[in-house]
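> sequence first, then the predicted structure:
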Amino acid sequence: MAKVVHFEIPADDLDRAKNFYGSVFGWQLETMAMPQGGEYTSVVTTPVDQQTQMPTEPGAINGGMVQRDELASAAPVITVDVENIDDALREIEANGGSTVTPRTAIQGMGAFAYFKDSEGNVIGLWETSG
């Protein structure tokens, strides 16, 4: 069974959103430059194993914060872990969904993609590097 492993919160004003979530929930927020351009803010809501960067608490997930855009980041997104993104996207399309952002590698970590489900919701996929 595929598990929800990540969330992303879009923001019109990232500084304002970081201040809000950091103040309200005490989340640790770290903004970094992305290789393909732009910035990504890592959101740590639970402790992680320093070697794997995976949450140490069963069932807990961490996430990210991104600049809102009309395509993939118009609303909050949950991300599902899959063995193979390309296989998952083929299955999604065969069942009435569509690809929003194709498989995109993040060096040393894995790859992500976004798809629309049968109801028009944008959902993320994550494939961990082997």
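Here it is on my side, so go on.

> hey, let's count contacts and neighbours off CA atoms from now on
OK.

> ok, how many other residues are close to residue 49?
10 (other CA atoms under 10 Å).

> can you give me the helices in the chain?
14-25, 85-94 (DSSP state H).

> so which of the ones you listed is the most packed in?
Mean neighbour count (mean count of other CA atoms under 10 Å) peaks for helix 85-94 among the helices of the chain, with a mean of 15.

> which elements pack onto it?
The elements that helix 85-94 packs onto, with contact taken as 3 or more CA pairs under 8 Å, 6 or more residues apart in numbering; DSSP states H and E, are strand 98-106, strand 110-116, strand 122-128.

> can you give the contact residues for stretch 89-105?
Defining contact as CA atoms under 8 Å, 6 or more residues apart in numbering, one finds that stretch 89-105 is touched by 71-72, 85-86, 111-118, 122.

> top of these by neighbour count?
Neighbour max across the contacts of stretch 89-105 (other CA under 10 Å) = residue 114, 26 neighbours.

> that one against residue 122, yeah?
Yes. With contact defined as CA atoms under 8 Å, residue 114 and residue 122 form a contacting pair (6.5 Å).

> about what we covered before: right, and the helices and strands packed on helix 85-94 - which one's nearest residue 10?
strand 122-128 (12.3 Å; CA to CA).

> which residue, other than its chain neighbours, is closest to residue 4?
residue 80 (4.4 Å; CA to CA, 6 or more residues apart in numbering).

> how many residues are close by the one you found?
Quick note: residue 80 (other CA under 10 Å) scores 19 neighbours.

> give the contact list for it.
Counting by CA under 8 Å, 6+ apart, the residues that residue 80 touches are 2-6, 123-126.

> ok, and the most crowded of the residues you listed?
Result: residue 125 is most packed of those (other CA under 10 Å), 27 neighbours.

> circling back to that earlier point, mind checking how far the residue nearest to residue 4 is from residue 5?
Here the criterion is CA to CA, to the nearest Å. By it, residue 80 lies 6 Å from residue 5.

> can you check residue 77 too?
For residue 77, the distance to residue 5 - CA to CA - is 11 Å.

> report the set of residues contacting both of those two.
With CA under 8 Å, 6+ apart, residue 77 and residue 5 have no common neighbours.
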